[in-house]
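1. no FASTA, just this:
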């Protein structure tokens, strides 16, 4: 009931609970709106319970702890997920602000469109190539053309000849270069060839300091002072609107840059926290390795071996998180070192062999054709093998898994490795 009225940063659940176990509780929590991405840490005292661990990860759990749980490790994990939740909330807030700005900009553009269609004078909009891309209904009525007859064509078709258009165009660009609007009277040609005298009022469309086209207002008949004032007022409104749009675009750009910076900060934070988690984890693995080398009963030796394998799996997950953070920050690098791809595959398969035996799965490896020394990033290749084999085991309940690694002949100093997985499911 509590989860239905508020969201949580992280949930820590015991696998073995009365009435409903921790896995079922985790699945129920993540079904509640607002908790879909809730990170869940499961705890159990059965270190050998691989099935429970698989069920936990399939239910959405992000971590698995075995009792007795170290308070230092638990606090570090909870602090990490709480900080991630805080960063996610800040990012959502930034995205909401950008979306609100986008809606306000769309509203302003809609208002301009209404003004464009109902203004009591002809309006022509040219693109950066001085081709007509928009005309309003008043302009169609003035010249007797349909919009389809004008769009995509140069404005010169409305002038009586090319020479008069070139003179007009040169004069207009000279005014724009001096950051002034253009105003002039010219004879223009209607659809059926009759000539009308019209006043042209124009200004460049500037976005981000770059001219993206021009807007022209066309007035039929002899100029009147009141009409001149109306056109000047409209030109000023267009200029003010253009300045407003520039401000909105600049603000939108600033918010986008802030969102990107927040995302990079999140990635940097995750990388740092993953490193902090990895330090005590490495110490724990070292202690388990020393313990494994000592004398103990077979059952104890098996339990230590399983705990060591689980710790290595967790270390791989932490390394994956650090790699993802580095990729988002653009800091990922590939190492070059000699390695044997077949030996790496056999090593990774050895880690999964106890899981396969527990599930009674026949896991076979064929890497004879790839037993050659290569130069590259062995750690990345190990990650790929680890992820692919883990995926195959998670989706295979019984039967067999066949893994074959081969390589093509070297060409221009490079080789191509091919990993083929066949599994029952």
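-> Good, I have the coordinates. Computed from a prediction, not measured in an experiment: that's the story for all the values here.

2. what about residue 395, distance to residue 421?
-> 11 Å (C-beta to C-beta, to the nearest Å). Any C-beta I mention is one placed from the backbone N, CA and C, and that applies to glycine too.

3. ok, now residue 342?
-> In terms of C-beta to C-beta, residue 342 sits 15 Å off from residue 421.

4. quick check: phi and psi on residue 92?
-> phi -60, psi -40 (degrees, to the nearest 10).

5. ok, now residue 90?
-> Torsion angles, degrees, to the nearest 10, at residue 90: phi -60, psi -40.

6. quick one: it and residue 262 touch, right?
-> Yes - using C-beta atoms under 8 Å, residue 90 is in contact with residue 262, at 6.3 Å.

7. joint contacts of those two?
-> With C-beta atoms under 8 Å, 6 or more residues apart in numbering applied, the contact sets of residue 90 and residue 262 do not overlap.

8. more crowded one of residue 342 and residue 421?
-> When neighbours are counted by other C-beta atoms under 10 Å, residue 342 and residue 421 differ, and residue 342 comes out ahead with 21 against 12.

9. and that one, what's its pLDDT?
-> For residue 342, the pLDDT comes out at 85.

10. before we move on, what about residue 271?
-> What the model reports as pLDDT for residue 271 is 62.

11. ok, the one 5 residues further on next?
-> Turning to residue 276, the model gives it a pLDDT of 71.

12. please identify the helix or strand for it.
-> helix 225-293 (DSSP states H and E).

13. hang on, residue 171 packs against residue 183?
-> No - using C-beta under 8 Å, residue 171 is not in contact with residue 183; the gap is 10.4 Å.

14. who's more crowded, the two?
-> residue 183 (18 against 12).

15. so what's the more buried one up against?
-> 199-202, 231.

16. which intervals of the stretch 151-300 of the chain have sub-threshold pLDDT?
-> 221-229, 267-275, 278 (pLDDT under 70).

17. where does the closest residue to residue 185 other than its chain neighbours fall, phi/psi-wise?
-> Sequence neighbours aside, residue 199 is the residue nearest to residue 185 in space, at 5.1 Å (criterion: C-beta to C-beta, 6 or more residues apart in numbering). Backbone torsions of residue 199, given as degrees, to the nearest 10, read phi -90, psi 130.

18. distance of residue 199 relative to residue 423?
-> 79 Å.

19. equivalent analysis for residue 230, please.
-> 77 Å.

20. with residue 395 instead?
-> With C-beta to C-beta as the criterion, residue 395 and residue 423 are 7 Å apart.

21. neighbour count: these two, which is higher?
-> Between residue 395 and residue 423, counted using other C-beta under 10 Å, residue 423 has the larger neighbour count: 17 against 11.

22. bridged to that one, which residues?
-> residue 401 (DSSP bridges).

23. that one contacts residue 397, doesn't it?
-> No - applying C-beta under 8 Å as the test, residue 423 and residue 397 come out as separate, 10.3 Å apart.

24. sorry, back to before: neighbour count and distance to residue 318 added to the contacts of residue 183, as CSV?
-> CSV is the format used below for the contacts of residue 183 (neighbours: other C-beta atoms under 10 Å; distance: C-beta to C-beta, whole Å):
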residue, neighbour count, distance to residue 318
199, 19, 72
200, 21, 68
201, 21, 66
202, 21, 63
231, 19, 68
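
25. and of the residues you listed, the nearest to residue 94?
-> residue 202 (39.7 Å; C-beta to C-beta).

26. done for today, thanks.
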